[in-house]
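# Here is my input, please return the structure:
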Amino acid sequence: MATRGFVLYLLSGFSVAVLLVFFFTGPNGYHTHTYPPSNLSSLNNTVLQYPFPSVSSSTEKSWPELKFSWRIVSATLIGFLGSAFGTVGGVGGGGIFVPMLTLIVGFDTKSAAALSKCMIMGASTSSVWYNLRVSHPIKEAPIIDYDLALLFQPMLMLGITVGVGLSVVFPYWLITVLIIILFMGTSTRSFFKAVQMWKEETIFKKALEEQRQSMVNSHGELLLDEEYDPLVPREEKSWIQNLCSNLRWKGIVVLVTVWVIFLLLQILKNDTAVCTAWYWVLFLLQFPVAILVFGYEAVKLHKEYEKRIISGNTEAVCEANIEWSVLNLAFCALCGILGGTVGGLLGSGGGFILGPLLLEIGVIPQVASATATFVMMFSSSLSVVEFYLLKRFPIPYGLYLMGVSVMAGFWGQFFIRKLIAVLKRASIIVFILSGVIFASALTMVESSASNRASL
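Alright, predicted model coming up:
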C-alpha cells in the first residue's frame, strides 16, 4: 500500500530526528532548558506549547495594541486567505498563522500559537457548518465520515499530548528539520496525488463527452440519464434536509465526551507539578480513554468488514477504500498517534497529517476535507478553551481574528465548490491542500530562521 510507504517515510524521519537528539545532546551538551519554578506547571499544557521552547521559553509576552495599521491589514488578508484555503484543504493553516502573527503583527510565539488556534477553530467551525448543509456528492450518506472521525480523533489527541511533551525536550534546530521532513514530504505526496486525480478526471471527462455524443436520438435529444459530478453537491434536497441527514448524534456525543474528558485532564494537569505521582496518573489516564474509543470503533469496522466479506458484499464499510483487517486497524492507530505527535511537536494540530492520510486511504476529496475539518474543530477548540483559562491571548485580537476566520472558512468553501462545479475537477481540493502545506513549510522555516537570528 502506498500509504504505508508514506507513513514509513514520516516515521523514519521522526526516528532519525530523535536519534539525533541523543547523539548531539547529553548531560554536558549544549542543549539545555532552564525553567523558573513558577512556570513548571505551564509545561503540562496539551497543545499549548509552541514548538520552539528554546525560543518561546525565553521570550516575554508581547501583545500589540489592536489598531488600524498596515500590520493589521496584512494579517487580515493573510488570515482570510490562509483560513479559506486551509479549511478547504482540511489542514487548518496553523503553519501560516503563527509566522504571520510573530513576524508581521509582533506577537510572541506562545501568544501567536494561541491566536492561531482561535483562527483554526473559527474557520473549521464555519466550514463544518457549511459542509453540514450540503449532500454527499455520489451517494446517500453524510458528508462527514463519523466512523473515521471516531477512529482517528482519540489517537490524534493522545498523540498531540505526547508531541507537546517532546516539544519541551527537542532542541530548536531539530524542530526545523522535522518541519522540512513533514511538510515537504506531505506536500510533495499530495501534489503527485492531485496530478494523478487530474489526469483521471481528464480521461473521465473525455469518455463522458464521447458517450454523450454517441447517445443522441434522431431528434437530437441526449439519452444519458445522469452525469457524475465528483464533487458538486446535488440540489434535490433543501439545506435543512441535508443538515438532518448529515448529523449523526451518537458519533457527535461520543466525540464531545472524549473532548470533555481530555479537557478536564489537561486542566487538572495544569495545576500539578511536573513529574509527580499525580501528574503521571493524569497523563496516563488519557491512554485508556483514547484506546477505549478507538477500540470500540475498530471492532465495529472489523466485524462489519468480515460480515460483508462472508456475504459477498463488496461495498466499502465506510468512505475509506481499504480492508479493515487487524493489521490495517493497527496501522491506522499508528497513523493517528504519529500525526498527533508530529502535530503537537510542530504546533500544527495534526491536520497536516490527517488530511493527506484520508486521501491516501481512498477517501474522496470532499469527504476527506469535511472529515478532517470536523476533527480539527474538536482539537482546536480544546486548545482555545485551555488558552482562555490560562489567559494566553488578548481577547480583542482573538475575537477579531476568529471573526475573520469564520467568514473565510464559510466563503472559502462556497467559492471553491463553485469553482469545482464549473471546472468539474475534484482534484482542485488536493492541489489546494498541497499548496497550503508547502506555503506553511516556507513560512515556518523563515520564522525559525528569523527567531534564531534574533537570539
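# What distance do you get for Gln241 to Glu140?
For Gln241, the distance to Glu140 equals 11 Å [Cβ to Cβ, to the nearest Å]. The C-beta positions use only the backbone N, C-alpha and C, and glycine is treated the same way.
# So those two - more neighbours on which side?
Taking neighbours as other Cβ atoms under 10 Å, Gln241 and Glu140 compare with Gln241 leading, 12 against 9.
# What helix or strand is that one located in?
Assigned by DSSP states H and E, Gln241 belongs to helix 239-246.
# now do Val367
In the assignment (DSSP H and E), Val367 maps to helix 365-389.
# Let me see the mean pLDDT of that helix.
In this model, helix 365-389 has a mean pLDDT of 85.
# Same question for stretch 169-180.
The model assigns stretch 169-180 a mean pLDDT of 70.
# repeat for stretch 416-426
Here the average pLDDT along stretch 416-426 is 84.
# For it, buried residues please.
Within stretch 416-426, the residues that count as buried by 16 or more other Cβ atoms under 10 Å are Ile416, Arg417, Ile420, Lys424, Arg425, Ala426.
# now, which of those sits nearest Leu359?
Closest to Leu359 out of the buried residues of stretch 416-426 is Ala426 (10.7 Å), distances taken as Cβ to Cβ.
# quick one: the helices in the stretch 101-250 of the chain?
109-132, 146-169, 172-214, 239-246, 249-270 (DSSP state H, counting those that start in this stretch).
# Kindly compare burial across these and name the winner.
helix 109-132 (a mean of 27; mean count of other Cβ atoms under 10 Å).
# How much space separates Lys139 from Val430?
Distance of Lys139 to Val430, computed by Cβ to Cβ: 20 Å.
# In TSV: the buried residues of stretch 416-426, plus distance to Leu178 and secondary structure.
Compiled in TSV, the buried residues of stretch 416-426 are given as follows (distance: Cβ to Cβ, whole Å; DSSP: H, G, I helix; E, B strand; the rest coil):
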residue	distance to Leu178	secondary structure
Ile416	30	helix
Arg417	34	helix
Ile420	33	helix
Lys424	38	coil
Arg425	33	coil
Ala426	31	coil
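# now, the most widely separated pair of the residues you listed?
Every pair of these checked by Cβ to Cβ; the farthest is Ile416 and Lys424, at 13.5 Å.
# Mutual contacts of these two, please.
Common contacts of Ile416 and Lys424 (Cβ atoms under 8 Å, 6 or more residues apart in numbering): none found.
# contacting residues for the residue nearest the centre of the chain?
Against the mean C-alpha coordinate of the chain, by Cα atoms, centre = their mean, the closest residue is Gly351 at 1.6 Å. By Cβ under 8 Å, 6+ apart, Gly351 lies in contact with Gly86, Gly90, Val91, Gly92, Gly94, Ile120, Gly343, Ala372, Val375, Met376.
# ok, the first one - how many residues close by?
Right, the one you point to is Gly86. 37.
# And the fifth one, by the same measure?
Summarising burial for Gly94: neighbours were counted as other Cβ under 10 Å, giving 29.
# From Lys110, how far out is it?
To Lys110, Gly94 is 14 Å away according to Cβ to Cβ.
# Over to the third one?
Separation of Val91 from Lys110 (Cβ to Cβ): 22 Å.
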